[in-house]
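Novice: mind folding the following:
(2 chains)
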Amino acid sequence: MKKYTVIIPTTNNVVGINDIVKEDPLVSSVICENNNLEALPISPFYNSFVKSPTGIIEKLVGHPSFRIDITKPIHNGKSWQLAIAIAHIFLKNNILNFSNENQLLTKKTEEIIWASGTINSNLEIKKINYLDQKIYNSMNFLKNCIKNEVQVHIVLSIQNKDDFNSLLPNNEFLKEAIKTKLIKVLFFNDLYGLFDHLNLKNILKKPTKRPSFFKKSKKTLSLLSIIFVTILFALMFNNVWQKTSPLLNLNDNKNYSLLLTTLKTYRYGNFTERVVAYFYDYIQTLQANEINKQMRINFIPYNDLESNKLKCIPGSKSIDHECNLNLEVLNIGVDTVFLWALKFSNVNLEDKGIQNTNKKSDIVNGMIKSNEAFLIDIKNSHEPIMLLIVYSKEFDIKIIDWLKRVDREKSLLETTIKRIKALGYGYTINSIKNVKLIENKI
Amino acid sequence: MDNKDKISDTFLALNYLNLSKNYSKSDLKPKLNINMVWDVYLNPLKYQNQINEFLKNKGFSDAYFLILKNEGCIYQTKLNAASNDRVFSRSSNEFKIEIVKSNKNEDEHYLIFKIINDIELQLSNLYVICDNESECIKLPILNDKQAQILIKKSDNFFNLITNPNAEIFIR
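Specialist: Below is the predicted model:
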């Protein structure tokens, strides 16, 4: 690998680097002139520039204490920072060529880095003053480099670009040397730019922004939360399914009594059971509502006698007691619906002294296809009657038994309705009262 | 310096002349000038380049260190060392001294001087006295209560300061 000689221009001299030695970490870093014992006045600033946390050299090369010897003294200023930082990095990678006390260019010199600038902790190169003086003082040195065919890189902050360009019109040598590329003038925002330009990216590479630990943790936490919530939902779903599947099996097998008993247990059970019961009821209610929506009921009064026909006009809420009554049940939906209709009296049979066993239930059942109607003749009666009509998309033979029981025992009506609702069947209840209407004519 | 201070300094000098009665007449150097001792004490920077020459005079150094001890300085006594080996680290309640070898040159060492507590005295010189020898070195400006000086192993100063029998004065 090619070796570089680093030069520090000052307002008085062109300064070379004699030596850089790692010292004991107890020692504060020092800059001396040509191996003299006396530390130069900039030594405390150099120490701050080296030692972390304020300094950058320790961070760049991993050692906190150095002694540097330079060929000429530097008394003040901070523009040496750029050249010294480059020299430290080059030394660590064994591509630094030291100057001699009286000879900045040695036989080993291949390329020169002439650098002036200050550096902050982000390795950004900042503007320096007195650039014109530094260039002027370096002219003989630069001419000597060209004479010896040594490539020179002038390294400056991009903030000094205008300053440097303003010097060119008055400096024919520099203009010509730049034109012939014997001197390359390089302006950078930061130190990474220089190493990139010199194809030494592997030595000093700009760190890529990695997500902070917190952000990393946040991502991990989010992932863990998603996994946790997924597992929680899976467990909940499993629990719900464990409770729901028996209900569905009982429903499929038409084991209604056990289904209703299980549902009742669930309604007073633990949280999962209550949730299952709630959802089961909700779905069955939706199903029942759907069937109810597709059924239309019309009461049609009629009388065969010509004299009474006018009294039996359809569409009125009150019907003359002379009229007979037909119930028209219309299926306006797409699916076929089965229907069971029970006509019963509100009064218990026992109350009227009639034996249950002798009475035949007034139950009608049938099937109504899509857009068809079913007509039930409700014979005239002087007693108030109730009409319970149950609808289902499937034929269920047990419904007749339930209606018969209601017919025999009116108190079973409420339980039967619950049962019908629980199984997702639709139903309607209509009451036909027999009343005497007194109209006030005057 | 006004006349009042001069009179005061003269009385102090006379006081130290009285102290010199503790020495036998034959011990005193014939040309000891106590006014000069006092002036060196008051103006150490003025005599920076000559102080080591003056300290070669035993009478001068005795009087000078006596004044230093009495008038204010920070001081380390001889060490109770178990052997006569060289000492590269010594500390007291007031300051600490470390001597670290340089990696650049075996003959060079760093003398690192650290003050432990804040001190009102202006510290400009470090004096080391061992047996009948004494040396002085100028202290650089303290940075964060610390100063560092490069010393040569071959110098007498190194021999004295690493000697456990040496006393150290800083003023």
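
Novice: tell me the contacts of residue A:124?
Specialist: Residues counted as contacts of residue A:124 (CB atoms under 8 Å, 6 or more residues apart in numbering or on different chains) are A:189-190. For every residue, glycine as well, the C-beta is placed using N, CA and C.

Novice: now it, which residues is it bridged with?
Specialist: Per DSSP bridges, the residues bridged to residue A:124 are residue A:190.

Novice: now the residue nearest to the spatial centre of chain B: how far from chain A?
Specialist: Central residue of chain B (CA atoms, centre = their mean): residue B:127, 2.0 Å from the mean position. From residue B:127 over to chain A the distance is 19 Å, taken as CB to the nearest CB, to the nearest Å.

Novice: where does that residue land in three-state SS?
Specialist: Under the three-state scheme (DSSP: H, G, I helix; E, B strand; the rest coil), residue B:127 adopts strand.

Novice: so who does it touch?
Specialist: B:55, B:65, B:68, B:134-136, B:168-171 are the contacts of residue B:127 under CB under 8 Å, 6+ apart.

Novice: please tell me how far it sits from residue B:165.
Specialist: From residue B:127 across to residue B:165, the span is 15 Å (CB to CB, to the nearest Å).

Novice: kindly report the same for residue B:34.
Specialist: In terms of CB to CB, residue B:34 sits 27 Å off from residue B:165.

Novice: between those two, which one's more packed in?
Specialist: Neighbours per residue (other CB atoms under 10 Å in any protein chain shown) separate residue B:34 from residue B:165, with residue B:34 holding more: 21 against 14.

Novice: dump the contacts of residue B:127 to a markdown table, plus secondary structure, pLDDT and neighbour count.
Specialist: Shown next, in a markdown table, are the contacts of residue B:127 (DSSP: H, G, I helix; E, B strand; the rest coil; pLDDT from 0 to 100; neighbours: other CB atoms under 10 Å in any protein chain shown):
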| residue | secondary structure | pLDDT | neighbour count |
| --- | --- | --- | --- |
| B:55 | helix | 78 | 20 |
| B:65 | helix | 79 | 20 |
| B:68 | helix | 77 | 19 |
| B:134 | strand | 79 | 27 |
| B:135 | strand | 82 | 21 |
| B:136 | strand | 82 | 24 |
| B:168 | strand | 88 | 22 |
| B:169 | strand | 83 | 19 |
| B:170 | strand | 85 | 23 |
| B:171 | coil | 78 | 22 |
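
Novice: got the residues you listed as CSV, with distance to chain A columns?
Specialist: Formatted as CSV, the contacts of residue B:127 follow (distance: CB to the nearest CB, whole Å):
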residue, distance to chain A
B:55, 20
B:65, 26
B:68, 26
B:134, 21
B:135, 15
B:136, 16
B:168, 19
B:169, 22
B:170, 18
B:171, 22
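
Novice: next, the contact list for the residue of the stretch 51-200 of chain A found nearest chain B, please.
Specialist: Residue nearest to chain B within the stretch 51-200 of chain A: residue A:67 (5.4 Å; CB to the nearest CB). Contacts for residue A:67 were tallied using CB under 8 Å, 6+ apart; they are A:19-21, A:23, A:27, A:29-32, B:102-104.

Novice: that one sits in which helix or strand?
Specialist: strand A:66-70 (DSSP states H and E).

Novice: next helix or strand past that strand?
Specialist: helix A:80-92.

Novice: how distant is the following helix or strand past that following helix from the center of its chain?
Specialist: Beyond helix A:80-92 on the C-terminal side, the first helix or strand identified by DSSP H and E is strand A:96-97. Between the centre of strand A:96-97 and the centre of its host chain there is 53 Å, according to CA atoms, centre = their mean, to the nearest Å.

Novice: what count of nearby residues applies to residue B:78?
Specialist: Number of residues near residue B:78 (other CB under 10 Å) recorded here: 13.

Novice: look up how far residue A:414 lies from it.
Specialist: Applying CB to CB, the value for residue B:78 to residue A:414 is 113 Å.

Novice: quick one: which helix or strand includes the closest residue to residue A:393 other than its chain neighbours?
Specialist: Among residues not flanking residue A:393 along the chain, residue A:335 sits closest, at 5.5 Å (CB to CB, 6 or more residues apart in numbering or on different chains). According to DSSP H and E, residue A:335 maps onto no helix or strand at all.

Novice: pLDDT weak spots in the chain?
Specialist: Assuming you mean chain A. For chain A, applying pLDDT under 70 flags the ranges A:209-214, A:316-317, A:346-361, A:380-382, A:436-437, A:439-442.

Novice: to clarify, I was referring to chain B.
Specialist: Scanning chain B for pLDDT under 70 picks out B:1-32, B:81-84.

Novice: residue ranges of the strands in the stretch 251-400 of chain A, please?
Specialist: Listed in chain order, the strands of the stretch 251-400 of chain A (DSSP state E, counting those that start in this stretch) span A:295-302, A:324-331, A:337-345, A:362-368, A:373-378, A:385-392.

Novice: just the buried positions in the second one, please.
Specialist: In other words, strand A:324-331. For strand A:324-331, burial by neighbour count (16 or more other CB atoms under 10 Å in any protein chain shown) applies to A:324-325, A:327, A:329-331.

Novice: and those, which two are the farthest apart?
Specialist: Distances among the buried residues of strand A:324-331 were taken as CB to CB; the most separated pair is A:324 and A:331, at 23.6 Å.

Novice: got the contact list for residue 144?
Specialist: You didn't say which chain, so I picked chain A. Shown in contact with residue A:144 (CB under 8 Å, 6+ apart): residue A:105.

Novice: that one: helix or strand, and which one exactly?
Specialist: With DSSP H and E as the criterion, the answer for residue A:144 is helix A:131-147.

Novice: immediately after that helix, which helix or strand?
Specialist: Following helix A:131-147 toward the C-terminus (DSSP H and E): strand A:151-157.

Novice: now the element after that next one, going C-ward?
Specialist: Following strand A:151-157 in sequence order, the next helix or strand is helix A:161-167 (DSSP H and E).

Novice: what distance separates that next one from the centre of its chain?
Specialist: Centroid separation between helix A:161-167 and its chain, computed with CA atoms, centre = their mean, is 52 Å.

Novice: next SSE after that helix?
Specialist: For helix A:161-167, the following helix or strand on the C-terminal side (DSSP H and E) is helix A:172-179.

Novice: run a quick neighbour tally on residue A:283.
Specialist: With other CB under 10 Å as criterion, residue A:283 counts 12.

Novice: hmm, back to that, how about the helix holding residue A:144: buried residues?
Specialist: In terms of neighbour count (16+ other CB under 10 Å), helix A:131-147 has its buried residues at A:131, A:134-135, A:137-138, A:141-142, A:145-146.

Novice: which residues touch residue A:194?
Specialist: Here residue A:194 is in contact with A:86, A:155, A:186, A:188 (CB under 8 Å, 6+ apart).

Novice: how does it look with 6 Å?
Specialist: For residue A:194, the contact set (CB atoms under 6 Å, 6 or more residues apart in numbering or on different chains) comprises A:155, A:188.

Novice: can you tell me how far it is from residue A:110?
Specialist: Residue A:194 is 17 Å from residue A:110, by CB to CB.
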